[in-house]
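**Q** sequence and predicted structure are below.
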Amino acid sequence: MEQQEAGAGTEARRQAAFARWVLPETEVLLRVAMTLTAQPADAEDLVQETLLRAYRAVDRFDGRHPRAWLLTIMRRAEINRHRRRRPHLLDDPDRDLERLAAPDPGGSPESLVIGDALDESVDAALAALPDKHQQVVRLVDVNGLSCAEAAEVLGIPQGTVLSRLHRARRKIKARLAAAGLAPRRGDQR
């Protein structure tokens, strides 16, 4: 009887810790998973695996930096998933990239045309980047992670994230300038 009560107390503490530290980060986990997998079903599977692992380990978590802890779990789960299956060499992850925001239907015709042209140019500039630069841009600029969090997700030093992000932004800006959608070097706009 006493063991059942102790087990129930442990389970209640586990559920409370999970609700406190893990559940608030679920949306971030899904955004990051979409960046890592580029397939909605794979992203959902990765988040589910991450949540399951977090639930099992929440008793050992000290409560500090829950997002970093969860992103580490996610990164390891994704590495394990890649080990279990062959890579899909012919898949194009950019083909499945969805628009981040729909144009405002109440906007002027000019803003709709410029918005579409800008979206297409940004998508093309992002697609032209090497995969390692695309991942960093998606994690930091699209999903809103800090550079430290992106470094944790990717398993690389923060300085590498900063370097890749700088190069990627510079390349995107150059492509947008060439398309007439960003100021060129020396322009005073």
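**A** Received, thanks.

**Q** name the residues of the helix or strand harbouring Val32 that come out as buried.
**A** In this structure, Val32 sits in helix 26-37 according to DSSP states H and E. Neighbour counts over helix 26-37 (16 or more other Cβ atoms under 10 Å) mark 28-37 as buried. Every residue, glycine included, has its C-beta placed from N, CA and C.

**Q** try stretch 60-78
**A** Those would be 61, 66-67, 69-71, 73-75, 77-78, for stretch 60-78 by 16+ other Cβ under 10 Å.

**Q** go on, stretch 151-169?
**A** Across stretch 151-169, burial judged by 16+ other Cβ under 10 Å covers 151-154, 156, 161-162, 164-165, 168-169.

**Q** could you dump the residues you listed to TSV with secondary structure and pLDDT?
**A** Below are the buried residues of stretch 151-169 laid out as TSV (DSSP: H, G, I helix; E, B strand; the rest coil; pLDDT from 0 to 100):
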residue	secondary structure	pLDDT
Ala151	helix	91
Glu152	helix	89
Val153	helix	88
Leu154	helix	90
Ile156	coil	93
Val161	helix	92
Leu162	helix	93
Arg164	helix	93
Leu165	helix	91
Ala168	helix	91
Arg169	helix	89
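
**Q** if we can go back for a sec, can you list contacts of the helix holding Val32?
**A** With contact meaning Cβ atoms under 8 Å, 6 or more residues apart in numbering, helix 26-37 is reached by 40, 42-44, 46-47, 50-51, 67, 70-71, 74, 78, 135, 138-139, 142-145, 153.

**Q** all good on my end, thank you.
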